[in-house]
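**Q** Sharing a model that was predicted from the sequence below.
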Amino acid sequence: MNALKRILGIVWIVLGPTLILFLVMQALEKINAAADGIARTNTTLQWSIIIIIFIPICAGLVIFGYYGVKGEYDRLPRSSDDL
Amino acid sequence: MSKPDDNVTQSITKVIAASSLGTLIEWYDFYIFGSLAVIIGNQLFPSDAGASALINTLAIFAAGFIVRPFGALVFGRLGDLIGRKYTFLLTLVLMGGSTFLIGLIPSYSSIGYAAPILVLILRLVQGLALGGEYGGAATYVAEHAPPGKRGFFTSWIQTTATLGLFLSLGVIVGTKNILGAEVFADWGWRIPFLLSILLVGVSIYIRMKMHESPVFTKLKSEGKISANPLKESFQKKANFKMVLLALFGATMGQGVIWYTGQFYAQSFLENTCKLDFNESRYILLWAILFATPFFVVFGSWSDKVGRKWIMLSGMLLGIIFYRPIYQYFIDATNVGEFQKTELLSTSAPVVTSKFNPETADSVITTTVVKTLKSGGTFKEVKVETIHTDNAQAAEEPKISYADVTLSSSTYWIIIGLVFFQVLLVTMVYGPIAAFLVELFPTQIRYTSMSLPYHIGNGVFGGLVPFIATLVASFQGSTPLSGLWYPIGIATLSFIIGAVYINNNGDQEVMD
């Protein structure tokens, strides 16, 4: 199981930036496809909010993956003394 | 003569009742805004474009959810520094006060742009308060609960989010039925907001009589309170890695299951399946009513078999069954097809005509109410544009359906399917408070558990209706395409939870 945790750690490290890239590409496509006026203003704002929120979360996923690769989750704390 | 155990149980019962009541009211306050978003939009926001559109969008779909993690940080830190009791008393006052004030804000026609700006500010306060409330209540109850019963006792706190939604829907539907749709849209919508002050008053009175958590009091008397809970939670790797694990392996998946079952289902039935306003809400009310006891069932069961696999099973069942369930919703409400073979009667048409002086075209709208042999009814609206310019080709009339009501059998099947989704909510949500509490030590518990909880629920969960609707509007997508968002997030969380989380965590919370 520990080997799987470490291998999946690499997947999470790659997944974080991939998700952001995917969101940015989707945002550009949808904003350009929106009609002018209110629709475009709102679409830009909505996508900006989504991307701003998900950037730190995806960064967290990368850190999670890094900890996984480093074996930080091989043994989880059994009591608060382990923390 | 009463046994010592009886006294403990009685004391815990009071703790649970007082904590749950306050948390329920906070959820009620938070959800009435969402349930009345359309009416609030009409009353408090301008309908034209420009800056107002930005504020409108922010306030309605995002602001309250997005600030929840910040509330978790601010009030979580406060709770770990000055104590649980006073912190969640403060969040209750803020939530109740801001909800009451939303009910008093004059409309856009009276005070202009000040109306949406004030609503936005109050909505932000609501989000911050909710971000601080839940972690405090869950921690407070868990720190009173004996080992081996923590899942059972904290599961009562877990019922409050669903019951808060139930209460908000009930008050809204009840007020609308009493006042009538027109009066409700005019000023009646303010009543659910104003009512909040009474509920909060009662809850504050009860909470004032409560004592501080015994675990926190002990820690304080020993001088072991954390000097900087934020720093300890997020800069100390041993704690931070658990915060990340809690988020990605549990709360992220739990959040999307919660909001798909209890928000997206109702939104889908109303907007995609065109179900009648009240009918879609009654379906959710019945489903919630039947499913709510299962929060306690699964919370209690998690004390015996562990928290992990109950939560992950809820996610897995959602991943497997969401698409078939929502496909059934579409099939069962396809009145356009049903009327070809099942039409029983058609009402006299109501015709309205609107002349456009700029183009000199007329728009004729014909509305009929049709009844099916099965007992279901629906409104068929046909819109035709008559061009005065004969050279212009005639357009095909546009036909749409609205206010669909279901036959009795279909109605109960759909209640059953929404009930199943809420049952999954009880599986993922019932044990999660105990799971989070046991993951972190007392000094930083309030801060550490609140953040992953509110990112999981406020961000991943709260954005389900919006992101799912957005995905469903992509070119080439189907009405079911929006489900890929909750399914994808739940799958990711399931894999991480299954691989990285232990089924038997640290049962000791007195440390």
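**A** Yes, it's here.
**Q** what number of residues lie near B:Leu312?
**A** Neighbours of B:Leu312 under the rule other CB atoms under 10 Å in any protein chain shown: 25. For glycine as for every other residue, the C-beta is placed from the backbone atoms N, C-alpha and C.
**Q** and what of A:Gly16?
**A** 22.
**Q** thought it was touching A:Phe54?
**A** No: A:Gly16 is beyond contact range of A:Phe54, at 9.7 Å (criterion: CB atoms under 8 Å).
**Q** intersection of neighbour lists for those two?
**A** When CB atoms under 8 Å, 6 or more residues apart in numbering or on different chains defines a contact, no residue borders A:Gly16 and A:Phe54 alike.
**Q** Centre of the chain to stretch B:111-118, how far?
**A** 26 Å (CA atoms, centre = their mean, to the nearest Å).
**Q** tell me which residues in that stretch are buried?
**A** B:115-118 (16 or more other CB atoms under 10 Å in any protein chain shown).
**Q** looking at it, B:Leu36 is touching B:Pro192, isn't it?
**A** Yes: at 7.2 Å, B:Leu36 counts as touching B:Pro192 under the criterion of CB under 8 Å.
**Q** that older thread, closest to B:His387 out of the buried residues of stretch B:111-118?
**A** Each of the buried residues of stretch B:111-118 was scored against B:His387 by CB to CB, and B:Pro116 proved nearest at 38.8 Å.
**Q** The residue nearest to B:Leu24 when sequence neighbours are not counted: how many residues sit nearby?
**A** Once flanking residues are discounted, B:Leu24 sits nearest to B:Thr160: 4.0 Å by CB to CB, 6 or more residues apart in numbering or on different chains. B:Thr160 is flanked by 25 other residues according to other CB under 10 Å.
**Q** can you tell me which residues contact B:Thr160?
**A** B:20, B:23-24, B:27, B:137.
**Q** Quick check: next helix or strand after the helix-or-strand element of chain B with minimal mean pLDDT?
**A** Least confident helix or strand, chain B: helix B:51-57 with a mean of 48, by mean pLDDT, DSSP states H and E. Sequence-wise, the next helix or strand downstream of helix B:51-57 (DSSP states H and E) is helix B:63-66.
**Q** and the following helix or strand past that following helix, anywhere near chain A?
**A** Next helix or strand after helix B:63-66 toward the C-terminus (DSSP H and E): helix B:68-82. No: shown here: helix B:68-82 not in contact with chain A (CB under 8 Å from any CB of the partner chain), separated by at least 9.3 Å.
**Q** For helix B:68-82, name the packing helices and strands.
**A** Applying 3 or more CB pairs under 8 Å, 6 or more residues apart in numbering or on different chains; DSSP states H and E, we find helix B:68-82 packed against helix B:84-104, helix B:114-142, helix B:229-235, helix B:445-454.
**Q** pLDDT of the third one, averaged?
**A** Averaged across helix B:229-235, pLDDT comes to 75.
**Q** list the buried ones in it?
**A** So for helix B:229-235, counting by 16+ other CB under 10 Å, buried means B:229-230, B:232-234.
**Q** Of the residues you listed, which is the nearest to chain A?
**A** Within the buried residues of helix B:229-235, proximity to chain A (CB to the nearest CB) peaks at B:Glu232, which comes in at 9.4 Å.
**Q** how about that closest one, what does it touch?
**A** Applying CB under 8 Å, 6+ apart, the residues near B:Glu232 are B:226, B:239, B:443-444.
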